[in-house]
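[1] sequence and predicted model, in that order:
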Amino acid sequence: MQRDSERIFDEYLVVSAQAGDRAAWQRLVARWQPRLLRHAWRLTGHADRAADLVQDAWIDIWKGLRRLDDAVAFPAWAFRIVTRRCHRAFQNADRERLSLTELADTVSESDDATGTEALAREIDLTRVREVMAELPSTQRAALSLFHLEDLSVAEIAIALDVPPGTVKTRLMHARRKIRARLEGDSNEQDR
């Protein structure tokens, strides 16, 4: 795995926050809040519940940060804390789903293309989001952590508290379901 400047900066913030630097802690929270919120939303399917669970997770992260031995492990460790919070919430309540409109408001995508190309991309993104929303939460979480958060299979295994083989299986099934659904939709449109 290649380390990029973003990951190195996160590691610096973690180490500084562990040493008591409040500004580093605030910057770390600001950088990771959107990622953790997206992850919690993918697991719960509800924006408000996700926000509450991530807020609680930040308390756990703050309390455990000094015990984190390796700053490189922060992403997987933080995602795992959020995952556990979400799983506990599943035990206490039924799952609610967001509509596609709420999903589009929750997950913002930047697109610098113009005109017809931008519209086509937006339609494609909307369709992929619809299909992803239909996936089981475990597959949706693995797929999103891999493709959107750029975590490795090993990091996802830690984040989701499952073996790496399970992560690979979830990724494989999620990709197959999305491909089948999208190809099926394009075949229907051609008729």
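    Received, thanks.
[2] what helix or strand is the residue nearest to the spatial centre of the chain on?
    What sits nearest the mean C-alpha location of the chain, by Cα atoms, centre = their mean, is residue 39, with 3.2 Å. Taking DSSP states H and E as the definition, residue 39 sits inside helix 22-44.
[3] what's downstream of that helix, the next helix or strand?
    Using DSSP H and E, the helix or strand that follows helix 22-44 in sequence is helix 47-64.
[4] rewinding a little: ok and the helix holding residue 39 relative to helix 47-64, angle-wise?
    Helix 22-44 and helix 47-64 are oriented at 140 degrees to each other (axes from the mean of the first three to the mean of the last three Cα atoms, to 10 degrees).
[5] on that earlier part again, who's in contact with the residue nearest to the centre of the chain?
    If a contact means Cβ atoms under 8 Å, 6 or more residues apart in numbering, then residue 39 has 79, 82-83, 141, 144-145, 149, 159 as its contacts. C-betas here are computed from N, CA, C, even on glycine.
[6] show me which positions of the longest helix seen in the chain end up buried.
    As assigned by DSSP state H, the longest helix anywhere in the chain is helix 164-190. Within helix 164-190, the residues that count as buried by 16 or more other Cβ atoms under 10 Å are 166-167, 170-171, 173-174, 177-178, 181.
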